[in-house]
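Enquirer: Need a 3D model of the following:
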Amino acid sequence: MAGSARSGDLALSDPAPSNSVPSAIPDVLAPGLACVFCGINPGRVSAAAAAHFANPRNDFWRLLHEAGFTPRRFSPQEQFDLLTLGYGVTNAAARTTPGSGDLRRGDFDRGRIEALAHELEPRVVAFVGKEAYRGLFDERPDLGPQHRTLRPATGLFVLPSTSPANAAVPYAERLRWFTELRAWIEPEPREAIRGIVIDAVGRVLLCEYTNRASGASWWGTPGGGIDPGESDETALARELLEETGLRAFELGPQVLEYTHVFPWNRRLLRQRQRLRLVRVGAHEPAPTIDLAAEGVTDVRWWTVEELGRLPPGALAPGNLLDVLRPLLP
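Expert: From the prediction side, this is the model:
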């Protein structure tokens, strides 16, 4: 909690006030940040200072420095200097209270956090305290990276509360989690190969990928990571067999290459994707592995007209339809 004087489980069953109360503390936000720290709500000290985590007994700014986020210990009044380092700060609830136990369900605006992720695309949102996360998503998290993500590609991480009311968690333990977050926001490099599989009648074969925690889904080309020692061709043949049952095909040229950062299965990946053209005759998709474990919930053929009727955000990458149009009749 940003400067809270006391804490406790949220009174989520209490009557819900409007969540449109303006915050006494300005958001520290910008597009493309590496990490946005999300406190629970303004405490009275922070509200009076118009600064996040302003209670002098709150360890937030000390932890940021000692975990390697800042080159020195910032004061709360220097909060906007975080932007130059690629970090931001916001709160899960806007209403000022003496402690988090005074919050109610309606104080939390999940839609605002989802809109923040969609519009500003931070790499990670790190919740400072389990209750900030629970208030938004109505589920009790473990500390560390979460299975749930925010679209289009924002990972979620839960830290211990830095409030003085959280004295039961030793400082060394809090520092361990902040240090783990600092390492986690640097994505793991990964090479991947995917196939633009087109059949004799001009349809494209796509897989539906679903985030099990959030329920978000999208359609993309079959394929995946390249194992150590594998060539592109060997890896693609393996992936197509596993995900679609395809054994015989004509491998064509590379059509697209791009790199993107995204969260998957509690990991943060910087994946370089190469898409190869694959032409086949007739084929009925028949996966040879349990696709649920891979996050794949469907495999089917599509015409370009059908793809054109999908809502925005239903295809990955976002320009996939533009890539496909010259290849499909």
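Enquirer: List the buried residues for stretch 295-309?
Expert: Using 16 or more other Cβ atoms under 10 Å as the test for burial, stretch 295-309 gives 296, 299, 301-302, 307. Quick note: C-beta positions are derived from backbone N, CA and C, even for glycine.
Enquirer: what's the span of it, first residue to last?
Expert: End-to-end distance of stretch 295-309 (Cα to Cα, to the nearest Å): 24 Å.
Enquirer: Show me what it is in contact with.
Expert: With Cβ atoms under 8 Å, 6 or more residues apart in numbering as the test, stretch 295-309 has contacts from 199, 202-212, 217, 219, 222, 243-244, 264-265, 285, 287, 291, 315, 320-321, 324-325, 328.
Enquirer: Now that you've got the residues you listed, can you turn the buried subset into something I can paste into ChimeraX?
Expert: Buried residues among those (16+ other Cβ under 10 Å), as a ChimeraX selection:
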select :199,203,204,205,206,207,208,209,211,219,222,243,244,264,285,287,291,315,320,321,324,328
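Enquirer: List the ones among the contacts of stretch 295-309 that fall in helices.
Expert: 243-244, 320-321, 324 (DSSP state H).
Enquirer: Which parts of the stretch 101-250 of the chain are strands?
Expert: For the stretch 101-250 of the chain, the strands defined by DSSP state E, counting those that start in this stretch cover 124-128, 144-150, 154-159, 188-198, 204-210, 217-220, 223-225, 250-264.
Enquirer: quick one, what contacts residue 277?
Expert: Here residue 277 is in contact with 195-196, 198, 251-255, 327 (criterion: Cβ under 8 Å, 6+ apart).
Enquirer: Pull out the buried residues from the residues you listed.
Expert: Buried, going by 16+ other Cβ under 10 Å: 195-196, 198, 255, out of the contacts of residue 277.
Enquirer: May I see the residues you listed arranged in TSV, with distance to residue 186 as well?
Expert: Formatted as TSV, these follow (distance: Cβ to Cβ, whole Å):
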residue	distance to residue 186
195	30
196	31
198	37
255	30
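Enquirer: and the protein, what are its domains?
Expert: 35-184, 188-327 (automatic domain parsing).
Enquirer: And what about the closest residue to residue 56 other than its chain neighbours, helix, strand or coil?
Expert: Of all residues not flanking residue 56 in the chain, residue 45 sits nearest, at 7.9 Å (Cβ to Cβ, 6 or more residues apart in numbering). When classified by DSSP: H, G, I helix; E, B strand; the rest coil, residue 45 comes out as helix.
Enquirer: I'd say residue 45 and residue 53 touch.
Expert: No - the pair residue 45 / residue 53 is not scored as a contact, 9.2 Å apart, by Cβ atoms under 8 Å.
Enquirer: who's more crowded, those two?
Expert: A direct count of neighbours by other Cβ atoms under 10 Å for residue 45 and residue 53 places residue 53 higher, at 30 against 20.
Enquirer: ok, back up a step: could I get the strands of the stretch 101-250 of the chain as a markdown table with mean pLDDT and distance to residue 273?
Expert: Converted to a markdown table, those look like this (pLDDT from 0 to 100; distance: least, Cβ to Cβ, whole Å):
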| stretch | mean pLDDT | distance to residue 273 |
| --- | --- | --- |
| strand 124-128 | 98 | 21 |
| strand 144-150 | 95 | 18 |
| strand 154-159 | 97 | 18 |
| strand 188-198 | 97 | 5 |
| strand 204-210 | 95 | 13 |
| strand 217-220 | 93 | 10 |
| strand 223-225 | 95 | 8 |
| strand 250-264 | 94 | 6 |
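Enquirer: quick one: residue 127 from residue 39, how far?
Expert: In this view, residue 127 and residue 39 are 8 Å apart by Cβ to Cβ, to the nearest Å.
Enquirer: overlap in contacts of those two?
Expert: residue 92.
Enquirer: hang on, the earlier thing: most tightly surrounded among the domains of the chain?
Expert: Ranked by mean neighbour count under mean count of other Cβ atoms under 10 Å, these are led by domain 35-184, which reaches a mean of 20.
Enquirer: what's the first-to-last distance across it?
Expert: In domain 35-184, first residue to last residue: 10 Å (Cα to Cα).
Enquirer: roughly how far is that domain from the heart of the chain?
Expert: The chain centre lies 15 Å from the centre of domain 35-184; the measure is Cα atoms, centre = their mean, to the nearest Å.
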